[in-house]
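A.B. asks: fold the following for me, if possible:
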Amino acid sequence: MDTHDVIVIGAGLSGMYQLHRLRQLGVAVRVFEAGGGVGGTWYWNRYPGARFDSESWTYGYSFSDELLQEWEWSEHFAGQPETLRYCNFVADKLDLRRDICFNSRIAAATYDDAPPGWEIVTTDGRRARARFLITAIGPLSAPTMPTIPGVETFRGEAFHTGAWPHHPVSFAGKRVAVIGTGATGVQAITEIAKTVGHLTVFQRSPNWCAPLHNGPIDAATQRRIKARYPEIFARCRDSFGCFIHDADRRNALEVSPAVREAFYEKLYREPGFGIWMGNFRDILIDREANATITEFMRHKIRERVKDPALADALTPKTHGFGTRRVPLESGYYEVFNQPNVRLVDLRATPIERITPSGIRTSEAEYPFDLIVYATGFDAITGAFDRIEIRGVGGRTLRDKWAEGPRTYLGLQIAGFPNLFALVGPHNAGTFCNMPRCIEQNVDWVTALLQHMRARGYSRAEPSEEAEAAWTAHVHESAARMLFTQIDSWMTGINSNVPTRRGRTVMVYAAGAPKYRERCEAAAANGYEGFVLR
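C.D. replies: The predicted structure follows:
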């Protein structure tokens, strides 16, 4: 059995940076990655249209000026191929691959107290052991297929957006179905519609989508970006979600309707998440304020979709703008003006089964050559559930979290010593411009390991009291947010997963700056809340 100081699961952005930092400590570390290369999300999600919705120049790693100055993003919101090239560029520059085992999916991880450490087993039976186990598995990395009878009987091509093939997929002249209109579905539908023979979109729950307004980065802008990186990352550090956008200090209801409308128009014309993250401060906590932006977005859909009935079908009825994750789009609504695109409302005519030749709803049967499942992920805890993680006394993490996750600082779990979860549940990283929160998580965990090493500690675990207090704080922080009253992956709901039917709090909703303050305070107080020995 291979033995290491630290085992890291996952070679996406979290795992790559954690590997780099652990090397700096001089510890023996091995990373196990299910895929055939680095990149995590950007390795698996190769579906047409996949790209950033946070500005590319705010997304890359900030820890190395050499990386920042050498790499050049070609677009303000880079596509998946470019982002994967960036991940490989970083892996090359830092020589990361020599400590990564690719094509190694972890099946189980078991804690043993004598001596304290974790044993992992891969799906092909390989074993390894380390004192510390760090999960870098990502909050959106466990794709879910819909629970529709007959999926396995379809004779045409069929792909899930989260496990897209590495070979090119052609849509020209084909009858294509896309099931799902979440963030990935919106991107895929827009791109597929450009070349498809005929496209049918099966929609259960429409989403409020906002324009991305992407564009190339010219040479002059590139120079300005590189000169401003310290300012850019300082601004991200201080914003609620670590985006370049931060909430307007005004309330929507304290300005005149004319001022409010002009502000919404301005945000709608600007790129990125500004209309979600840079809007009036009360639109995500006050129903009346939220109703003003919701009505504005409803009007925009009616402006862009020619058929009023179709516009109505594409307009959400069960949630206000921003109370679910907002997909950014580049012509999504205009797709439904095309004569070769059809929308099927699954609330009115649900799918009964997948047939060998297509899809049958309660109203009709549709023949297809290709089906795209844009049905999302078992979010945040799903990737943990797919590994048999056993802590003290053999208790599984799946059982501990059966009624909802419980953590301390969103980084450790009582009863699971020496296990650290990067950007997992109850962590600011699940509601964040991801690499900004990844770097904070990784740096904090690395500092704790360094602290333990200097003092001869071999075991770290939060107390039950600290975990209970943090979990209560997470729930209290989320209570004022409107999103907690809506079914979505942010509240633990997934109709395709039997255990995800009841709402719970999955994300840290008080914002990245407050989360960072809490982590820093715990460290400054001798890692308060942790039992170190």
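
A.B. asks: what's the nearest residue to Phe63 if we skip its chain neighbours?
C.D. replies: Distances taken as C-beta to C-beta, 6 or more residues apart in numbering place Glu439 nearest to Phe63, at 6.2 Å, with adjacent residues excluded. C-beta: built from backbone N, CA, C; applies to glycine.

A.B. asks: so how far is Trp57 from that neighbour?
C.D. replies: Applying C-beta to C-beta, to the nearest Å, the value for Glu439 to Trp57 is 15 Å.

A.B. asks: hmm, Leu422 and Gln18 touching each other?
C.D. replies: Yes: at 6.7 Å, Gln18 counts as touching Leu422 under the criterion of C-beta atoms under 8 Å.

A.B. asks: identify the contacts common to those two.
C.D. replies: Ile134, Ala136, Val442, Val445 (C-beta atoms under 8 Å, 6 or more residues apart in numbering).

A.B. asks: list buried residues within the residues you listed.
C.D. replies: For the shared contacts of Gln18 and Leu422, a neighbour count by 16 or more other C-beta atoms under 10 Å gives the buried set as Ile134, Ala136, Val442, Val445.

A.B. asks: narrow the shared contacts of Gln18 and Leu422 to those in strands?
C.D. replies: Ile134 (DSSP state E).

A.B. asks: next, format the shared contacts of Gln18 and Leu422 as JSON lines and append pLDDT and distance to Asp369.
C.D. replies: Converted to JSON lines, these look like this (pLDDT from 0 to 100; distance: C-beta to C-beta, whole Å):
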{"residue": "Ile134", "pLDDT": "98", "distance to Asp369": "44"}
{"residue": "Ala136", "pLDDT": "98", "distance to Asp369": "38"}
{"residue": "Val442", "pLDDT": "98", "distance to Asp369": "44"}
{"residue": "Val445", "pLDDT": "98", "distance to Asp369": "48"}
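
A.B. asks: so Pro206 touches Pro316, yeah?
C.D. replies: Yes: between Pro206 and Pro316 there is a contact under C-beta under 8 Å: 4.9 Å.

A.B. asks: common neighbours of the two, please.
C.D. replies: With C-beta under 8 Å, 6+ apart, Pro206 and Pro316 have no common neighbours.

A.B. asks: quick one: Val31 is in a strand?
C.D. replies: Yes: the assignment for Val31 is a strand, going by DSSP: H, G, I helix; E, B strand; the rest coil.

A.B. asks: hmm, back to that, I'd like the next helix or strand past the helix or strand the residue nearest to Phe63 falls within.
C.D. replies: Per DSSP states H and E, Glu439 falls inside helix 434-455. Using DSSP H and E, the helix or strand that follows helix 434-455 in sequence is strand 460-462.

A.B. asks: what pairs with that next one, parallel or antiparallel?
C.D. replies: Neighbouring strands of strand 460-462 in its sheet, by DSSP bridges, are strand 530-532 (antiparallel).

A.B. asks: Three-state assignment for the residue most central in space within the chain, please.
C.D. replies: Centroid check for the chain by C-alpha atoms, centre = their mean gives Leu140 as the closest residue, at 4.6 Å. Here Leu140 takes the coil state, with states given by three-state DSSP.

A.B. asks: which residue ranges form the strands in the stretch 201-350 of the chain?
C.D. replies: Here the stretch 201-350 of the chain has its strands, by DSSP state E, counting those that start in this stretch, at 210-211, 328-329, 341-345.

A.B. asks: quick one: which of the ones you listed is nearest Ile486?
C.D. replies: strand 210-211 (17.3 Å; C-beta to C-beta).

A.B. asks: what packs against the closest one?
C.D. replies: Here strand 210-211 touches helix 257-269, strand 328-329, going by 3 or more C-beta pairs under 8 Å, 6 or more residues apart in numbering; DSSP states H and E.

A.B. asks: reformat these as CSV; add mean pLDDT and mean neighbour count.
C.D. replies: Converted to CSV, the helices and strands packed on strand 210-211 look like this (pLDDT from 0 to 100; neighbours: other C-beta atoms under 10 Å):
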stretch, mean pLDDT, mean neighbour count
helix 257-269, 98, 15
strand 328-329, 98, 22
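
A.B. asks: need the ones you listed in TSV (columns: distance to Asp92).
C.D. replies: Below are these laid out as TSV (distance: least, C-beta to C-beta, whole Å):
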stretch	distance to Asp92
helix 257-269	39
strand 328-329	30
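
A.B. asks: just tell me which of these ends up closest to Ala108.
C.D. replies: Each of these was scored for nearness to Ala108 using C-beta to C-beta, and the closest is strand 328-329 (38.0 Å).

A.B. asks: got the contact list for the closest one?
C.D. replies: With C-beta under 8 Å, 6+ apart as the criterion, strand 328-329 contacts Asp53, Phe77, Ala183, Val186, Gln187, Thr190, Cys209, Ala210, Pro211, Leu212, Gly272, Phe273.

A.B. asks: which of Gln18 and Leu422 has more residues huddled nearby?
C.D. replies: Between Gln18 and Leu422, counted using other C-beta atoms under 10 Å, Leu422 has the larger neighbour count: 30 against 27.

A.B. asks: residues touching the more buried one, list them.
C.D. replies: Ser14, Gly15, Gln18, Ile134, Thr135, Ala136, Leu411, Gly429, Ile438, Asn441, Val442, Val445.

A.B. asks: again, 7 Å this time
C.D. replies: Contacts for Leu422 (C-beta atoms under 7 Å, 6 or more residues apart in numbering) come out as Ser14, Gln18, Ile134, Thr135, Ala136, Ile438, Asn441, Val442.

A.B. asks: and what of Ile285?
C.D. replies: By C-beta under 7 Å, 6+ apart, the contact set of Ile285 is Arg480, Met481, Leu482.

A.B. asks: kindly recompute the last result at 6 Å.
C.D. replies: Ile285 sits next to Arg480 when contact means C-beta atoms under 6 Å, 6 or more residues apart in numbering.

A.B. asks: report pLDDT for it.
C.D. replies: At Ile285, the model reports a pLDDT of 97.

A.B. asks: give me the distance between it and Ser477.
C.D. replies: From Ile285 to Ser477 the distance is 12 Å (C-beta to C-beta).

A.B. asks: try Ser170
C.D. replies: Using C-beta to C-beta, we find Ser170 at a distance of 47 Å from Ser477.

A.B. asks: who's more crowded, the two?
C.D. replies: Between Ser170 and Ser477, counting by other C-beta under 10 Å, Ser477 is the more crowded of the two (19 against 10).

A.B. asks: what stretches of the stretch 101-250 of the chain score poorly on pLDDT?
C.D. replies: The stretch 101-250 of the chain contains no residues with pLDDT under 70.

A.B. asks: how about the helices in it?
C.D. replies: Assigned by DSSP state H, counting those that start in this stretch, the helices in the stretch 101-250 of the chain fall at 183-192, 219-227, 229-238.

A.B. asks: for the ones you listed, which one sits closest to Tyr332?
C.D. replies: Taking C-beta to C-beta, helix 183-192 is the member of those nearest to Tyr332, at 4.9 Å.

A.B. asks: ok now the closest one, how far from the chain's centre?
C.D. replies: The chain centre lies 16 Å from the centre of helix 183-192; the measure is C-alpha atoms, centre = their mean, to the nearest Å.

A.B. asks: so which residues make contact with that helix?
C.D. replies: Here helix 183-192 makes contact (C-beta under 6 Å, 6+ apart) with 47-50, 161, 171, 178, 201, 209, 327, 329-332, 335, 374.

A.B. asks: what's the angle between it and strand 341-345?
C.D. replies: With axes from the mean of the first three to the mean of the last three C-alpha atoms, to 10 degrees applied, the angle from helix 183-192 to strand 341-345 works out at 160 degrees.

A.B. asks: buried stuff in helix 183-192?
C.D. replies: Result for helix 183-192 [16+ other C-beta under 10 Å]: buried residues Ala183, Thr184, Gly185, Val186, Gln187, Ala188, Ile189, Thr190, Glu191, Ile192.

A.B. asks: next: stretch 46-65.
C.D. replies: Result for stretch 46-65 [16+ other C-beta under 10 Å]: buried residues 46-62.

A.B. asks: ditto for stretch 470-481
C.D. replies: By 16+ other C-beta under 10 Å, the buried positions in stretch 470-481 come out as Trp470, Thr471, His473, Val474, Ser477, Ala478, Met481.
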